[in-house]
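A.B. asks: Structure for this input, please:
(2 chains)
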Amino acid sequence: MPTKTAVSVLIEASPPDGFEDVVARLRAAGLEVEQVLEESGVVLGSAAPDRLPALKAVRGATLEVQRSFQLEPPDSSVQ
Amino acid sequence: MSGKRNGGSQPEPDDTEYTGRYVILLPEEAAEQGTRSLGKVMGIRADVVRGDQPDELADLSTHNVFFSDIGTAVVQMDADQLDYLGMVEEKGGTPFLAVEPERIVRTLAIAGPGADGFGSLLGAPFRSEASLLLGEPVQEQPPGKSPLDGGLPAGLPLEATALQESTAAYLRGYRDSIVHLVDRLLGEGGGAEKAQLAPAVQSWSDGEATWGLHATGVTDSQYTGRGVKVAVLDTGFGPHRDFSDRDMLTACFIQGQRVADGQGHGTHCVGTACGLRAPAKVPRYGIAYEADILVGKVLGDDGSGTDSGILAGINWAVAQGAQIISMSLGALTRPGQTFSQVYEGVARRALMRGTLLIAAAGNESKRPTLITPVAHPANCPSIVAVAALDPTLNLAWFSNGGLNPNGGEVNIAAPGVDVFSSVPRPPFYRRLAGTSMATPHVAGIAALFAQATNKKGQALWQAIARSARRLPLSARDVGLGLVRAP
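C.D. replies: Coordinates of the predicted model:
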C-alpha cells in the first residue's frame, strides 16, 4: 500500500451546503479525516496520492498537501 | 479614505514630492463605471491609455489619463473635487479603491563629473507615476557622461549597463509606489505618512534593557500587556526561572513530546514577547511582561514540524481567545509562488475573531547577492510578515524581501540581530539572530497596543501600522518600517 499524503483542507461551505456536507464529500472522495479544527474551519487528514485530484475537485473545499518546517540547529548563528 | 492633499505648498516630513495630481485605483469589475463617474459626476475627462498602444498620448504630465489595463486613473483634481469624490463614494456611488496624491519618482543617476566638478546627481531626471505606469522608455545616459566611459575595454555594453541600472531604479520606484498604494488599500499605510523618519545614523546597545527594547520605545512605554493573551507557537517553553510566577497555558501538538523546550528557540521567543520586567543580573529583555502567555508546541525538540501541527496550534490559540499569535517559523517559497489558501482562510477567520497572526519573513537571503521571497506562512495577505533589523537599524543580511506580490510583502521590521533573551539551559540566556527574533518583538508590542487601544484583529494591526517609524530603506525589505511601542 502506497504511503498516504498528509493534507490540510479549508472548508468554505456556502448555504444551504453545510460544513458536514463538504466533509462527507471529502470522505467519499477518499480523505481519511484525522482532525477537525472547528474554529478555523479546517480538516486535517491524509489520502492516497491517486485520490488527490478527486479531492481537489470537491466543491466547498480547498486542499493543500502539507509542508514541513525545519528550524536551523540550535548552534546556528541565524535562527 | 483620506487622500492627503499635497499641492506642493505643504512640505512633507519624508521629502516626498507630489505632482498635484491624484492616482485613483478603480475596482477591476467596475473600472468602466468608475471612468464614467469621473466624467459625469466629477467633470473630469481622462484619455484612455492602453498598455499595448502607449504612443497614442502626447503629454502625460498634463493630461488626465486612465490606464485601462490596470484600472488606474491619474487626474488633476482641485480640493472641491477631491472632497466630492469622497461624498460620491459615501452615497453608494462608484467604489474607488484608493485615492492618493501622485508622487514624483526620481532615479538615482550614476554620478559623473559634472560641470561643477561635484557629479551630476543633482541633474537626475524625474518623472511622475503616470509615466511609470505607461512604461515610458528610460532616458539614456548622454554619451561621455558616464564615469566608466573610456576606462573600460571596447565591447562592454556601457550604455546598456547604465540603462539597466536606471531601469532597475525606475522599477524599484514603481514597485515602492505600488506597495505604498496596496498598503493604503489594506489600511496599513495611513500613519506611515505621518510617521517620522528615523535618524539616519544611530546605533543601539544593551543597557538596562536590550537594544531592541530601547530602539522600539518599549522601555518608554507605560503599557505592560496586562489582560492580553499572547500565543507563541514554537518549540515549546522552558523551564525558566524568570517565568516561575507567570500565568501560562500550554498545549503540545507534537506527538510523544512534552511542552518543555528541548531546542531553546521557543523559550527565546517567549522571552522577548512576554519576559519579565526586571530579571536578576541581566538586562530587561521581555516586552509584554504582564501578558498572559499561551505556549503551543508545534515544532519538535529537533526543530521540525508540519502544517498539521501549526494549523492545530493556531486553531487552539484562536479558541483560547488569544489576541496575538507569534510564529517564528517558515517554509521556503520561490519567486512567483503564491500563498497558501488554507492559511489565508484560517488567518482571515482568526482576524474576524479578534486574533492577529504575526510571522517571520524568513532568513533565506544572503544579501546583497541573494534576496529570497518572504516565507510561508508570512506570505499570506492576512498574516503580518516581519523583517529583521540590526542595532544600526539596517536590514539584516539574511532577512527575506517582498519579492512576490499579493501578500508576499514584508509588512514591518523589528530588532532581529544580537537579540538577548531566555533559553532553558545554563547559562539561561543567549544572543540570537533571525527574523525569528524580530517576530516576538512585534508580537509583544502588539500586546501593548491591545492593552492601550482595546483593539483586536485588523484594527489592532492598523494601530501598530500607524505607529511604525519609517526607515530610509526599501519598503520591499522593511515594509512600513520599525515597529514602535505605544
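A.B. asks: how close does the closest residue to B:Arg430 other than its chain neighbours sit to B:Ala361?
C.D. replies: Among residues not flanking B:Arg430 along the chain, B:Val423 sits closest, at 4.6 Å (CB to CB, 6 or more residues apart in numbering or on different chains). The C-beta positions use only the backbone N, C-alpha and C, and glycine is treated the same way. In this view, B:Val423 and B:Ala361 are 23 Å apart by CB to CB, to the nearest Å.
A.B. asks: Could you check how far the residue nearest to B:Pro486 when sequence neighbours are not counted is from chain A?
C.D. replies: For B:Pro486, ignoring the flanking residues on the chain, the nearest one in space by CB to CB, 6+ apart is B:Ala452 at 4.2 Å. B:Ala452 sits 27 Å away from chain A when distances are taken as CB to the nearest CB, to the nearest Å.
A.B. asks: does B:Ala452 count as helix, strand or coil?
C.D. replies: Under DSSP: H, G, I helix; E, B strand; the rest coil, the three-state class of B:Ala452 is helix.
A.B. asks: ok, now B:Ile445?
C.D. replies: B:Ile445 ends up helix, using three-state DSSP.
A.B. asks: Centre-most residue in chain A?
C.D. replies: The central residue of chain A, meaning the one whose C-alpha is nearest the mean C-alpha position (CA atoms, centre = their mean), is A:Ser8 at 2.1 Å.
A.B. asks: so what pLDDT did residue 76 get?
C.D. replies: Let's take chain A. According to the predicted model, the pLDDT of A:Ser76 comes to 89.
A.B. asks: ah, no, chain B please
C.D. replies: With respect to pLDDT, B:Gln76 scores 74.
A.B. asks: Span of stretch B:259-278 from start to end?
C.D. replies: Start-to-end span of stretch B:259-278 (CA to CA, to the nearest Å) is 25 Å.
A.B. asks: In the stretch 151-300 of chain B, what residue comes closest to chain A?
C.D. replies: B:Gly264 (5.2 Å; CB to the nearest CB).
A.B. asks: residues of the longest helix along chain A that come out buried?
C.D. replies: Looking across chain A with DSSP state H, the single longest helix is helix A:19-28. For helix A:19-28, a neighbour-count test (16 or more other CB atoms under 10 Å in any protein chain shown) marks A:22-23, A:25-26 as buried.
A.B. asks: of all those, which two lie farthest apart?
C.D. replies: A:Val23 and A:Arg25 (7.4 Å; CB to CB).
A.B. asks: Which of the three states applies to B:Val74?
C.D. replies: Three-state call for B:Val74 (three-state DSSP): strand.
A.B. asks: Number of residues surrounding it?
C.D. replies: Here the number of neighbours of B:Val74 (other CB atoms under 10 Å in any protein chain shown) works out to 25.
A.B. asks: any idea how far it lies from B:Val228?
C.D. replies: When distances are taken as CB to CB, B:Val74 and B:Val228 turn out to be 43 Å apart.
A.B. asks: Around chain B, which positions in chain A sit nearby?
C.D. replies: Those residues of chain A that sit near chain B, judged by CB under 8 Å from any CB of the partner chain, are A:6, A:8-10, A:12, A:34-35, A:37-42, A:44, A:62, A:64, A:66-74, A:77-79.
A.B. asks: Give me the subset of those residues that lies in strands.
C.D. replies: Among these, the ones falling in strands (DSSP state E) are A:6, A:8-10, A:34-35, A:37, A:42, A:44, A:62, A:64, A:68-70.
A.B. asks: what two of those are the furthest from one another?
C.D. replies: For those, with distances taken as CB to CB, the pair at the greatest spread is A:Thr62 and A:Gln70 (25.0 Å).
A.B. asks: Which of those two has more residues huddled nearby?
C.D. replies: For A:Thr62 versus A:Gln70, neighbours defined as other CB under 10 Å are more numerous around A:Thr62 (17 against 14).
A.B. asks: for the stretch 1-150 of chain B, which spans come out with low pLDDT?
C.D. replies: Per-residue confidence of the stretch 1-150 of chain B (counting by pLDDT under 70) places the weak regions at B:1-21, B:23-44, B:46-63, B:65-72, B:79-150.
A.B. asks: one step back: does the residue nearest to B:Arg430 really touch B:Tyr429, like I thought?
C.D. replies: Yes. Judged on CB atoms under 8 Å, B:Val423 makes contact with B:Tyr429 at a distance of 6.5 Å.
A.B. asks: Looking at the two now, which is surrounded by more residues?
C.D. replies: More neighbours surround B:Val423 than the other of B:Val423 and B:Tyr429, with 21 against 18 (other CB under 10 Å).
A.B. asks: For B:Gly303, see how far away the residue nearest to B:Ser205 when sequence neighbours are not counted is.
C.D. replies: The shortest distance from B:Ser205 to any residue other than its chain neighbours is 5.4 Å, reached at B:Trp211 (CB to CB, 6+ apart). B:Trp211 sits 26 Å away from B:Gly303 when distances are taken as CB to CB.
A.B. asks: For the one helix or strand B:Ala414 maps to, name the packing helices and strands.
C.D. replies: Using DSSP states H and E, the element containing B:Ala414 is strand B:412-415. Contact partners of strand B:412-415 among helices and strands, from 3 or more CB pairs under 8 Å, 6 or more residues apart in numbering or on different chains; DSSP states H and E: helix B:211-215, strand B:384-389, helix B:435-453, helix B:475-478.
A.B. asks: Right, I'll leave it there.
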